[in-house]
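*Asks:* My questions concern the predicted model and sequence given below.
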Amino acid sequence: MKFSEAIDQIMPEVESGSTEPFIIYRDKNGEWHSSHSRDRHGDWLESAENARAQDKFAMEFTGKDFASGSFPYVYDAVLCNRLRAELAIMGNNSHFTQADHIDFNAIVTFFEENISNFTDQAVDYFTTLKEPLDTLSELCPFEMTTDNPDWVYNEDISQGAVQYIESKVQERLRVINGEFETELFDESEGIFRQGVEIGGVTITLAENAEAGGGQQYLVYNSIDSHTYDKAAFSDYFLAIREFLSRQNIQFEAIVAERDSRFKQHGGNNAVLTAEHCLPGGGDADYTGKLIIVKADALKPEYRDGMSQIVMCTHGNGARPDAIGRSIFCKELASDKTAVYHREEIEGIADIAKLPVWAKQKLDGQKPEQAPQEQKAPDKKPSILGGLEEAKAEADAHNAGRKDAAKTKKRGDVEVV
């Protein structure tokens, strides 16, 4: 059953204020269950022990715990308690530091206090995940911790964080449901577009000259030929406000991402050049090598050393005499994948000349992953092959809001 159906099952216990304990858990197939957890002596039932074995975030409650709350309240409370359970288990990891706990606690508290500002579809999505907190932290590029002693998380950026995470979730749902719009308008309709690209996302204001007094203005986001988050307006000023708002949200997300990387890697953001490469690497095979991307091959917001240092994993362009040009890489700083053409590469990185953060990152990798004493290898014969494709991430704005007190049940959208 879905999460919403499991909550349905416990609502009679909530409405009666029962003190009999029950357990809510997700089995290994992703199905949700709720059942009584203890016998009359207070000992765990065998079925509950089995539930805990299947789901390390399984939670035990009583109906009284929810103080006769509404369905949406119970739904949200159980999900937030699972995030807390995930955080507690993270804390048992020997690599999990006090600083990590502060960071993740800020994210959990932010989500708890702002869950009513997310759409039902976004909250439903988190109930389908095996490790929702891990995904939530992945989707949020903002630094949620704060120096304000009265705040657990940075409340000044909470609205922007909600909008950003909401947009990322909606993006994933569109991919899952195949709802990308590949074309918004026919060019023959006389559409005027004004577009701004920030961080790989183009935000567009379009005017349909044929619409007359109807929904004449449109704002939408796009990546390559994919458009999404279309909003129509009859009032030009409302359209402009939405157009500028989306730009600001995308800009703040890019700044947050940059600052996070900058902080993580010690503040060295200098651009790297051919001087940081081994001599004679222009004709080398880059496969399995740490290489440096030319700064002018990157978008302005990513022209820094943290984006330039990448590990070449494969691609025809990695070989100097191959037919293809594409080189598939993984960023050293972020582990994100990227694709470049051979002519966009400065050469093979000279590890001795790399920034301190890069050397430390390499030292922390397994011996077989960290390139040691790199040198420009001899040419290798061309072997045709390799799949040349790249997946782009959408950072879009979604203005959906819901009333925390409304009675409509969550769980209307099922994510496979």
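*Replies:* Yep, it's here.
*Asks:* what's the helix or strand for K230?
*Replies:* Assessed by DSSP states H and E, K230 sits inside strand 226-233.
*Asks:* Apologies, that question was intended for E207.
*Replies:* Following DSSP H and E, one finds E207 within strand 201-208.
*Asks:* Now the element after that strand, going C-ward?
*Replies:* Following strand 201-208 in sequence order, the next helix or strand is strand 217-223 (DSSP H and E).
*Asks:* partner strands of that next one, parallel or antiparallel?
*Replies:* For strand 217-223, the pairing partners within the sheet under DSSP bridges are strand 201-208 (antiparallel), strand 226-233 (antiparallel).
*Asks:* And those strands: which comes nearest Q170?
*Replies:* Among these, strand 226-233 comes nearest to Q170, with 7.3 Å by CB to CB. Any C-beta I mention is one placed from the backbone N, CA and C, and that applies to glycine too.
*Asks:* quick one: buried residues of the closest one?
*Replies:* H226, T227, Y228, D229, A231, F233 (16 or more other CB atoms under 10 Å).
*Asks:* The third one touches V219, doesn't it?
*Replies:* Going back to what we said before, that points to Y228. No: Y228 is beyond contact range of V219, at 11.5 Å (criterion: CB atoms under 8 Å).
*Asks:* returning to that earlier point: buried set for the strand holding E207?
*Replies:* Buried-residue list, strand 201-208, by 16+ other CB under 10 Å: V201, T202, I203, T204, L205, A206, N208.
*Asks:* what are the bridge partners for the second one, then?
*Replies:* I take that to be T202. Under the criterion used (DSSP bridges), T202 bridges to E197, S222.
*Asks:* and this structure, what are its domains?
*Replies:* Following automatic domain parsing, one gets these domains for the chain: 3-177, 187-263, 274-364.
*Asks:* Got the phi and psi for the residue nearest to the spatial centre of the chain?
*Replies:* The centroid of the chain falls nearest to L139 when counting by CA atoms, centre = their mean (2.7 Å). When read as degrees, to the nearest 10, the backbone of L139 gives phi -80, psi -20.
*Asks:* So what's the predicted local confidence for the closest residue to it other than its chain neighbours?
*Replies:* Using CB to CB, 6 or more residues apart in numbering and skipping residues adjacent in sequence, the residue nearest L139 is K168, 4.5 Å away. K168 is assigned a pLDDT of 82 by the prediction.
*Asks:* pLDDT check: weakest of the buried residues of strand 226-233?
*Replies:* Minimum pLDDT across the buried residues of strand 226-233 is recorded for H226, with 70.
*Asks:* correct me, but D229 touches I223?
*Replies:* No: the criterion here is CB under 8 Å, and D229 misses it with I223 at 11.0 Å.
*Asks:* residue ranges with poor pLDDT in the stretch 101-250 of the chain?
*Replies:* Within the stretch 101-250 of the chain, the stretches with pLDDT under 70 are 175-193, 209-215, 224-225.
*Asks:* Helices along that one, start to end?
*Replies:* Using DSSP state H, counting those that start in this stretch, the helices of the stretch 101-250 of the chain run over 120-127, 132-139, 158-177, 236-264.
*Asks:* and the ones you listed, which is most packed in?
*Replies:* Per residue and on average, the most neighbours among the helices of the stretch 101-250 of the chain fall to helix 120-127, with a mean of 21 (mean count of other CB atoms under 10 Å).
*Asks:* what angle do that one and helix 132-139 make?
*Replies:* Put simply, helix 120-127 runs at 120 degrees to helix 132-139, going by axes from the mean of the first three to the mean of the last three CA atoms, to 10 degrees.
*Asks:* so how far is helix 120-127 from its chain's centroid?
*Replies:* How far helix 120-127 lies from its chain's middle: 14 Å, per CA atoms, centre = their mean, to the nearest Å.
*Asks:* Run the angle between that helix and helix 158-177 for me.
*Replies:* Here the directions of helix 120-127 and helix 158-177 differ by 80 degrees (the same axes, to 10 degrees).
*Asks:* Just the C-alpha atoms of stretch 34-50, please, in PDB.
*Replies:* C-alpha atoms of stretch 34-50 as PDB (Å, rounded to 0.1, in the frame of the first residue of the first chain):
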ATOM      1  CA  SER A  34       0.900  -0.200   9.900                       C
ATOM      2  CA  SER A  35       0.100  -2.700  12.600                       C
ATOM      3  CA  HIS A  36       0.000  -3.100  16.400                       C
ATOM      4  CA  SER A  37       3.500  -3.600  17.800                       C
ATOM      5  CA  ARG A  38       3.300  -4.900  21.400                       C
ATOM      6  CA  ASP A  39       1.400  -7.600  23.300                       C
ATOM      7  CA  ARG A  40      -0.500  -7.000  26.500                       C
ATOM      8  CA  HIS A  41       2.800  -7.400  28.500                       C
ATOM      9  CA  GLY A  42       4.500  -4.600  26.500                       C
ATOM     10  CA  ASP A  43       6.800  -7.000  24.600                       C
ATOM     11  CA  TRP A  44       7.500  -6.600  20.900                       C
ATOM     12  CA  LEU A  45       5.300  -8.800  18.700                       C
ATOM     13  CA  GLU A  46       7.100 -11.000  16.200                       C
ATOM     14  CA  SER A  47       5.500  -9.100  13.300                       C
ATOM     15  CA  ALA A  48       6.800  -5.800  14.700                       C
ATOM     16  CA  GLU A  49      10.300  -7.300  15.100                       C
ATOM     17  CA  ASN A  50      10.200  -8.300  11.500                       C
END
